[in-house]
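Colleague: sequence and computational prediction follow.
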Amino acid sequence: MTYDSNNIFAKILRGEIPNKTVYEDEQVLAFHDISAAAPVHVLVIPKGEYVSFDDFLGKASAETVHGFFERVRKVAHIVEAQEGGYRLITNHGRNASQSVPHFHVHILGGRALGGLLPGDALVR
Ligand code: AMP
């Protein structure tokens, strides 16, 4: 998997495109999704260059992976999603409709989110 340093999240990390930051440290940036699908819709991205979850788990150290997911939880608490509940989504590749090729986790909450997949979830 080759990382494309012109993807939109790479540009956000370089400060070339603005974002609504929720949390930032040396490892991650968390910001509001530009097209929110729920009252809480925050994206958490590592600052390292990883194409997707699959790439991240394949390349990053156990410490980095653990640290990343600890921060996802921290961000969920910052936006106070833990009380009502939240869903994590990470899309890898074509079948999952991943649109930005920089690993990210969606934190969704703030309302009842319904079933796992929108619409008819039957496998065809
Ligand atoms: P995915 O389909 O899992 O790759 O999700 C990419 C997400 O990035 C989508 O939910 C988009 O709305 C979101 N997105 C795209 N561009 C921006 C941006 N400039 N700032 C914030 N979120 C963005």
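Modeller: Good, I have the coordinates.

Colleague: can you pull the contacts of the residue nearest the centre of the chain?
Modeller: Nearest to the geometric centre of the chain sits residue 105, at 2.0 Å (Cα atoms, centre = their mean). Contacts for residue 105 (Cβ atoms under 8 Å, 6 or more residues apart in numbering) come out as 43, 44, 45, 53, 72, 88, 89, 90. Using the backbone N, CA and C atoms, a C-beta is placed for each residue, glycine as well.

Colleague: save these as JSON lines, and put in neighbour count too.
Modeller: JSON lines is the format used below for the contacts of residue 105 (neighbours: other Cβ atoms under 10 Å):
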{"residue": "43", "neighbour count": "23"}
{"residue": "44", "neighbour count": "25"}
{"residue": "45", "neighbour count": "21"}
{"residue": "53", "neighbour count": "18"}
{"residue": "72", "neighbour count": "20"}
{"residue": "88", "neighbour count": "14"}
{"residue": "89", "neighbour count": "15"}
{"residue": "90", "neighbour count": "17"}
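
Colleague: which of those residues fall within helices?
Modeller: Judged by DSSP state H, the contacts of residue 105 include 53, 72 as members of helices.
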